[in-house]
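Undergrad: what's the 3D shape of this:
(one chain, ligands or ions: 2)
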Amino acid sequence: MATIRSTRCLSSFAKLVLKTNEGGSAKLWTRSLHSGTTSHQQPAPAVAVAVESVEESPEWRTVPTKMTSSEAFVETMVAHKTKHIFGIVGSAFMDALDIFEPAGIRFVPVQHEQNAVHMADGYARALNDPSVAGVCIAQNGPGITNFVTGVAAAYWAHTPVVVITPETGSLGQGLGGFQETNQLPIFEEITKYQAHVCSPKRMAEFTNRCFQYATLERGPVQLNIPRDHFYGDVTVTIPAPQPVEISAGGAESLKRAAELLSSAKNPVIVSGGGVVMANGIDAVVRLAEQLKTPVCNSYLHNDSFPQSHELWMGPLGYQGSKAAMKTISQADVVLALGSRLGPFGSLPQYGFDYWPKSAKIIQVDTVARRLGLTKNIDVGICGDAKMAAEAISNLLQGSSPACLQTANERLAQVQEEKAAWEKELDALSVSTGDGSPSSAFGGGPLSPRHALRELEKAMPKDAMVATDIGNICSVSNSYLRFDTPGSFFAAMAFGNCGYAFPAAMGAKIARPDRPSIAYIGDGAWGMSLNEILTCVRENIPAIGVVFNNGQWGAEKKNQVDFYADRFVGTNLANPSFAEISRTMGAEGIRVTKPEEVGPALTSLIASGKPGVLEIVVSQVLADPFRRDALSAPVRHLEKYKTFV
Ligand SMILES: Cc1ncc(C[n+]2csc(CCOP(=O)(O)OP(=O)(O)O)c2C)c(N)n1
Ligand SMILES: [Mg+2]
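TA: Ligands and ions are numbered 1, 2, ... in the order given. The predicted structure is shown next:
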């Protein structure tokens, strides 16, 4: 049955009203100078099916009703199931803020606007409700410019976030009054859509459209509101969210995919973030079992296939599973489900260029533009990952795929590869050596890998983990394994330090029933630790695991490898982060020994309070992020001759 992007009650299915995709909805996707809105995406490829609203919304919302523009704004957010808004208070939106609480919206005040976006991002990712977006708001000018990094991160994490940007009053624009900047161009390249509320009369319309596009296109959208437009009477209806039916993709491409898989001798599945977003794990498990084919997680989507399943291979990409890489290198057909096949996620690792160049590639993505963008593909399916997996599974039903003839040998090899990688990881996850940044592995008394192994052992099954950008966080890719989708929120392709902790806070608000843990390096922690104040004040029991190695390790590794250990700007002098956390009113435990790691994590989770687990680790460093992008220094001027 068709999936409807809504969580409405089943009775709504009785009221489906079919519309063509050629009329009004398609027009919304073009630039409209008159309204001042811009869309950066092509029309959604799936056939749109509008559903008559049966929301349990009050009747008055559906008939023109007199209200203020602030009321229209807030009521439209309520209609889109907004329950939390992250931000920092500002006069620009105070008239609306004043009625958030009676509307049933909790305003979560934070310490820095960048983190408000990361929280909205983590909230939406953890909730994973296709009809709910994260929401953030801030003061015009500086509050809004502080949003930028968070919005770029959400863009590359494909997270639906409605970024509300009140701006200078419409009558003062261009005069350089106070807190003025041109707020639309700033976000142009990092949003799916931008709306400018050109009149209070269109507040509800634009607010609705932003929520609609954020969830439909999975990304941040900007709702830019001149601050004076929060005031004034309007007579409007509150638009009901319009669910859009999504599909498995074109019949012809699905058929070709099934044919390719049926004749493949050694097919491998890559399960990507799109599988998690589509709630499609069961469908992928079924297809994998049907073909008896191994499944690799795409880079940083370790929750896209259950680690306890015998066909699970682990993650590809930086610091991922060697077993997964070896397996995919031998594939003759790759089915990439819900993956844009991002270039960074398939770079050579461990000196091994594993991407199978001669394999036939089938790629499934909801966005047509991404098909074949980064890799040559043989079949591109523009569709939902779950529905495509189901459709291919159905097409294969009753056939006898060629690969089943060698299933026993292939599966035995898969188990062998996994066992070999596990053994290698065990050998690496110890504390030996001198512990210096140049040390090849290990490093006493506590090496980062050893700490990561101990954390892995103590990690509760239902935990959600967000990871930051840094050397140790990247190595954690090999040690983070999940059975439940919606458990892993890594800083994705934007790669900014400072993502993980606020993302974990947002996730905790979305899923208070699950432990929410962030992994962060000590350098990056300096960007996030202020949010412990928010955790304490707002009672958000997220836990930050801070790896204290006294360095900006990931960057120092480049100095080790390319700049003869000249450590410019990469050494840190840290206080105790556990102590700082306690001073701020949260929990804090500092550990230095391997046997202390697991119990400390367990006790912090059990406390039910926010807290910091500070793990003092050696300075040993793993492979750099960008070996591909660095080269040995060349100096021509005499004064720099020795700097090689
Ligand atoms: C906002 C931002 N600034 C700078 C960088 C460049 N950068 C990438 S990793 C890294 C070092 C991270 O150090 P730390 O958080 O201590 O983790 P470690 O590498 O030591 O494990 C830096 C500075 C970045 N990715 N994001
Ligand atoms: Mg560090």
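Undergrad: Would you map the strands across the stretch 451-600 of the chain?
TA: Ranges of strands within the stretch 451-600 of the chain are 464-467, 488-490, 516-521, 543-548, 587-591, based on DSSP state E, counting those that start in this stretch.
Undergrad: Would you reformat the ones you listed as JSON lines and include mean pLDDT and distance to residue 403?
TA: Where you see a C-beta, it was placed from the backbone N, CA and C, and this is true even at glycine. Below are the strands of the stretch 451-600 of the chain laid out as JSON lines (pLDDT from 0 to 100; distance: least, C-beta to C-beta, whole Å):
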{"stretch": "strand 464-467", "mean pLDDT": "98", "distance to residue 403": "34"}
{"stretch": "strand 488-490", "mean pLDDT": "98", "distance to residue 403": "29"}
{"stretch": "strand 516-521", "mean pLDDT": "98", "distance to residue 403": "37"}
{"stretch": "strand 543-548", "mean pLDDT": "98", "distance to residue 403": "41"}
{"stretch": "strand 587-591", "mean pLDDT": "98", "distance to residue 403": "47"}
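Undergrad: Need the ones you listed in CSV (columns: mean neighbour count).
TA: Converted to CSV, those look like this (neighbours: other C-beta atoms under 10 Å):
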stretch, mean neighbour count
strand 464-467, 28
strand 488-490, 27
strand 516-521, 29
strand 543-548, 28
strand 587-591, 21
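Undergrad: Quick check: residues of the chain near ligand 2?
TA: 521, 522, 523, 549, 551, 553 (C-beta under 5 Å from the ion).
Undergrad: Not counting its neighbours along the chain, what's nearest the second one?
TA: In this structure, residue 522 finds its nearest non-sequential neighbour in residue 548, 4.6 Å apart by C-beta to C-beta, 6 or more residues apart in numbering.
Undergrad: returning to what we had before: quick one, which of the strands of the stretch 451-600 of the chain is nearest to residue 230?
TA: strand 488-490 (32.6 Å; C-beta to C-beta).
Undergrad: packing partners for the closest one?
TA: If you count contacts as 3 or more C-beta pairs under 8 Å, 6 or more residues apart in numbering; DSSP states H and E, strand 488-490 packs onto helix 113-127, strand 464-467, helix 500-510.
Undergrad: what residue ranges in this structure score low on pLDDT?
TA: Along the chain, the parts satisfying pLDDT under 70 run over 1-56, 440-444.
Undergrad: how near is the closest residue to ligand 2 within it to residue 296?
TA: Closest residue of the chain to ligand 2, C-beta to the ion: residue 521 (3.8 Å). The gap separating residue 521 from residue 296 is 26 Å, by C-beta to C-beta, to the nearest Å.
Undergrad: how far away is residue 124 from residue 250?
TA: Residue 124 sits 29 Å away from residue 250 when distances are taken as C-beta to C-beta.
Undergrad: Which one's more surrounded, the two?
TA: residue 124 (27 against 14; other C-beta atoms under 10 Å).
Undergrad: Do I have it right that that one meets residue 136?
TA: No. In this structure residue 124 lies outside contact range of residue 136 using C-beta atoms under 8 Å: 10.6 Å.
Undergrad: Give the residues shared as contacts by the two.
TA: Taking C-beta atoms under 8 Å, 6 or more residues apart in numbering as the contact rule, residue 124 and residue 136 both touch residue 161.
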